[in-house]
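Trainee: No letters, just coordinates:
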Ligand code: ADP
């Protein structure tokens, strides 16, 4: 076995109680490396180190934090091709998508390097004569970060960067399936001048390390991205001990296509939004809600595009759709494909497991037509390259169907009508709305998040991130 990539606790690289192979989903014979796994003991040690580091770090001058975050951003940018390749190799999104994600991680660190210098408070006059009031923001404390496998570097970046920028200490637990990108990011952070204990990497399982994080009394806040089921546990644990929580969970994102849409724009939005990144994005479109007069033309053009897509090894430059992340996710996708057919959906394209030159988890994109809003395929998140079409009579019905979901992350509409676009932006129940754009693909400097069962707590990203990572203090002075 090659050298084991270790955890980073209190400024030291530390062994785990076991080491697990990280497998390439495009080629299951390719082992990327062995990564240490810790448990509650490692988590506790990381929290102790963070506690010791917090007084100094939380009072460090903003410029010191700015320089550190800028250094992290610079190294990410300089190594984007290599890190993008690692990401695609362990997660399965295409090389272009992997490099794009790494670039985004660099942009996030660069943005928050700037935010270090922009954190400001307010000064107000009291209602009492001679009394002044200052409202300032202080770091929250020790923050636990729990991330999923689908964005192995961007999601960690959009939690770690604001946490550090605002003066918090971090204990970071990445998803079990993608330790490679997390380790590479931790390695960069470890060399950027962060004092020991300020940033800690604790790789391990959700049930051991994750659960210990939820229960630890000294962790002041947990930012989590993952499934609804785990999110509910995080919220309950936070409520039980008054820890702050921020949850990003699932989606069942609608893309409405109206009769007056530009067909090529609608097809581009559908292909990109539902199937790129193998559909493994919480912002992916999975419900195409299409009005009568464009329905048949839309399906014909979309299936033609799907038939031309190349599904293959993520590292092959001509691949457009990489593999599913692992065997169990592939099984889940296939189960939903079988279920949709059983519920009465018509399989208009794809849905079969594919064999390629190398053994991997390849799945043909799947498109169902003739589905109804009540079917499970239209209510539950699949998290794969699977989408279904719901035919509707008009815009009003389309909006009602779009809103008829427990989720509310992202929503899209393809139309050339200013009236309908404007009404949709105002009335759709989603945290993010896209007009003539794919539901997935958001910027790094503006808020990200949803409504209903998709998100809970303050928004992530952009300057809105400070709502989670800082705590407000109101100070009075009699002059
Ligand atoms: P997914 O279906 O995307 O894997 P999960 O919610 O299972 O969604 O995983 C997202 C993250 O939550 C991962 O880092 C995982 O290890 C972690 N996790 C899973 N179970 C728990 C738990 N009981 N407590 C804390 N974290 C958990």
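Mentor: Happy to help now that I have it. Please read all numbers here as calculations on a predicted model, not as lab measurements.
Trainee: When you work out contacts or count neighbours from here on, use the C-alpha atoms and nothing else.
Mentor: Noted.
Trainee: check contacts around the closest residue to residue 324 other than its chain neighbours.
Mentor: Closest residue to residue 324 apart from its sequence neighbours, by Cα to Cα, 6 or more residues apart in numbering: residue 361 at 5.3 Å. Under the criterion of Cα atoms under 8 Å, 6 or more residues apart in numbering, the contact list for residue 361 reads 25-26, 323-327, 330, 353-354.
Trainee: For the ligand, see how far away the most centrally placed residue in the chain is.
Mentor: With distances taken as Cα atoms, centre = their mean, the chain has residue 155 as the residue nearest its mean C-alpha position (4.9 Å). With distances defined as Cα to the nearest ligand atom, to the nearest Å, the gap from residue 155 to the ligand amounts to 11 Å.
Trainee: In space, what's closest to residue 202 - neighbours in sequence excluded?
Mentor: Using Cα to Cα, 6+ apart, the closest residue to residue 202 is residue 173 (5.1 Å).
Trainee: ah, wrong one, I meant residue 122
Mentor: Closest residue in space to residue 122, ignoring its immediate chain neighbours: residue 135 at 5.0 Å, by Cα to Cα, 6+ apart.
Trainee: Helix, strand, or coil at the one you found?
Mentor: Residue 135 falls in the strand class when you classify it by DSSP: H, G, I helix; E, B strand; the rest coil.
Trainee: Surely it is in contact with residue 472?
Mentor: Yes: when contacts are counted by Cα atoms under 8 Å, residue 135 is listed as touching residue 472 (6.7 Å).
Trainee: Name the residues contacting each of the two.
Mentor: Common contacts of residue 135 and residue 472 (Cα under 8 Å, 6+ apart): none found.
Trainee: that older thread, where's the residue nearest to residue 202 relative to residue 141, distance?
Mentor: Spatial separation of residue 173 from residue 141 under the definition Cα to Cα, to the nearest Å is 17 Å.
Trainee: quick one, which of those two is more surrounded?
Mentor: residue 173 (27 against 24; other Cα atoms under 10 Å).
Trainee: Show me the beta-bridge partners of the more buried one.
Mentor: On the basis of DSSP bridges, residue 173 is bridged to residue 146.
Trainee: does the one helix or strand residue 48 maps to come close to the ligand?
Mentor: Mapping residue 48 onto the secondary structure by DSSP states H and E places it in helix 40-58. No: where contact is defined by Cα under 6 Å from any ligand atom, no part of helix 40-58 touches the ligand; the two come within 11.5 Å at best.
Trainee: What residues sit buried inside that helix?
Mentor: In terms of neighbour count (16 or more other Cα atoms under 10 Å), helix 40-58 has its buried residues at 40, 42-54, 57-58.
Trainee: same for the helix or strand just after it, what does it pack against?
Mentor: Scanning forward in sequence from helix 40-58, with DSSP H and E defining helices and strands, the next element found is helix 62-78. In terms of contacts (3 or more Cα pairs under 8 Å, 6 or more residues apart in numbering; DSSP states H and E), helix 62-78 is packed against helix 95-118, helix 154-165, helix 179-190.
Trainee: redo that, cut-off 7 Å
Mentor: With contacts taken as 3 or more Cα pairs under 7 Å, 6 or more residues apart in numbering; DSSP states H and E, helix 62-78 sits against helix 95-118.
Trainee: So which other helices or strands are in contact with the helix it packs on?
Mentor: For helix 95-118, the packing partners by 3+ Cα pairs under 7 Å, 6+ apart come out as helix 62-78, helix 80-91, helix 154-165.
Trainee: in stretch 316-324, what counts as buried?
Mentor: Neighbour counts over stretch 316-324 (16+ other Cα under 10 Å) mark 319-324 as buried.
Trainee: pLDDT of that stretch, averaged?
Mentor: For stretch 316-324, the mean pLDDT works out to 98.
Trainee: Over to stretch 444-456?
Mentor: In this model, stretch 444-456 has an average pLDDT of 97.
Trainee: quick one on the thing from earlier: which one of the buried residues of stretch 316-324 is nearest the ligand?
Mentor: residue 324 (12.7 Å; Cα to the nearest ligand atom).
Trainee: which SS state does that closest one fall under?
Mentor: Using three-state DSSP as the criterion, the local structure at residue 324 reads coil.
Trainee: how much space between it and residue 251?
Mentor: Residue 324 is 18 Å from residue 251, where distance means Cα to Cα.
Trainee: Now for residue 477, how many residues are close by?
Mentor: Residues lying near residue 477 (other Cα under 10 Å) number 10.
Trainee: Run through the bridge partners of it.
Mentor: Partner residues in beta bridges with residue 477, using DSSP bridges, are residue 132.
Trainee: same question, residue 12
Mentor: According to DSSP bridges, the residues that bridge with residue 12 are residue 9.
Trainee: got a list of what the residue lying closest to residue 69 once chain neighbours are set aside touches?
Mentor: Nearest residue to residue 69 in three dimensions, chain neighbours excluded: residue 113, at 5.0 Å (Cα to Cα, 6+ apart). With contacts taken as Cα atoms under 7 Å, 6 or more residues apart in numbering, residue 113 has the following neighbours: 66, 69-70, 165.
Trainee: And the residues you listed, which is closest to the ligand?
Mentor: When the contacts of residue 113 are compared for distance to the ligand (Cα to the nearest ligand atom), residue 165 comes out closest, at 22.6 Å.
Trainee: What distance do you get for the residue lying closest to residue 189 once chain neighbours are set aside to the ligand?
Mentor: Setting aside the residues directly before and after it, residue 189 is nearest to residue 72 in space (Cα to Cα, 6+ apart), at 6.1 Å. Spatial separation of residue 72 from the ligand under the definition Cα to the nearest ligand atom is 23 Å.
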